[in-house]
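K.L.:
Here is a sequence with its predicted model. Questions after.
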Amino acid sequence: MLSGSLSASTLQSLIRLRGAKNVLEIGTYTGFTAIAMGAVAPRVVTVDNFKAEPASENVCREAIKMAEVNVSIMKMDAKEALNTLITDVKEPFDFVFIDGDKKEQIDYYELFLNNTNLFDPKGVIAVDNTLWYSRVFHGDEKIGDEDTVAVRKFNEHVRSDPRTFVSILPVRDGITLIQRV
């Protein structure tokens, strides 16, 4: 999904407040948020397989090149990339932005919380689209497509997890912030 300038500036502020040095993005589309985060963080890794929108890969690569920011792209499935990073990362990520497959968000979340060599225990996870066009507030009988159901399940999962502190920012389509307690 394409993020707007309000989401991008919010992410930049969060990265600056956290003092994040090692940022990971899951799901990039055109690279807009990766570039925004790369403007304030020394290192950004973005993961996308570009299967949903193959044409966006060239747009993303060209935009990152033109922006002259330190953003590297891992073209692969997000869970595969995370499992690779668990063993290969030299420094844990201290800020993570998840804007990937909604049906996989709980798995991403658990991988981060269960792997301190992947995700810094004092880090921040920001998850996009957690208000999901307000669909999460309607019952399944009204709006029950797979993504809406997945976002509802994710929201409930993190809300009820005693390991973390969760806050939802009503920025655009909702950005949920997650930190370990």
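P.N.:
Received it, and whenever you're ready, just let me know what you need. Numbers count the residues shown, from 1 in each chain.

K.L.:
Can you list the buried residues in whichever helix or strand Ala150 is part of?
P.N.:
Element membership for Ala150 (DSSP states H and E) is helix 146-159. The neighbour-count check on helix 146-159 (16 or more other C-beta atoms under 10 Å) flags 148-152, 154-155, 158 as buried. C-beta coordinates here come from the backbone N, C-alpha and C atoms, glycine included.

K.L.:
For these, could you give me a markdown table that also reports pLDDT and distance to Ala126?
P.N.:
As requested, the buried residues of helix 146-159 are exported to a markdown table (pLDDT from 0 to 100; distance: C-beta to C-beta, whole Å):
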| residue | pLDDT | distance to Ala126 |
| --- | --- | --- |
| Thr148 | 88 | 20 |
| Val149 | 89 | 22 |
| Ala150 | 92 | 18 |
| Val151 | 92 | 15 |
| Arg152 | 91 | 19 |
| Phe154 | 96 | 13 |
| Asn155 | 95 | 14 |
| Val158 | 98 | 12 |
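
K.L.:
quick one: low-confidence ranges for the protein?
P.N.:
1-2, 138-144 (pLDDT under 70).

K.L.:
Helices along that one, start to end?
P.N.:
Taking DSSP state H as the criterion, the chain carries its helices at 5-18, 32-38, 56-67, 78-88, 105-113, 146-159.

K.L.:
tell me which strands and helices the fifth one is in contact with?
P.N.:
Same thing as helix 105-113. helix 78-88, strand 93-98, strand 119-128, helix 146-159 (3 or more C-beta pairs under 8 Å, 6 or more residues apart in numbering; DSSP states H and E).

K.L.:
Could I get the ones you listed in a markdown table, plus columns for distance to Val23?
P.N.:
Listed next are the helices and strands packed on helix 105-113 as a markdown table, based on distance: least, C-beta to C-beta, whole Å:
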| stretch | distance to Val23 |
| --- | --- |
| helix 78-88 | 13 |
| strand 93-98 | 5 |
| strand 119-128 | 10 |
| helix 146-159 | 20 |
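
K.L.:
For Leu111, find the nearest of these.
P.N.:
Nearest to Leu111 among the helices and strands packed on helix 105-113 is helix 78-88 (5.0 Å), distances taken as C-beta to C-beta.

K.L.:
Tell me how far the spatially most central residue of the chain lies from Val136.
P.N.:
By C-alpha atoms, centre = their mean, the chain has its centre lying nearest to Ile98, at 1.4 Å. Ile98 sits 16 Å away from Val136, going by C-beta to C-beta, to the nearest Å.
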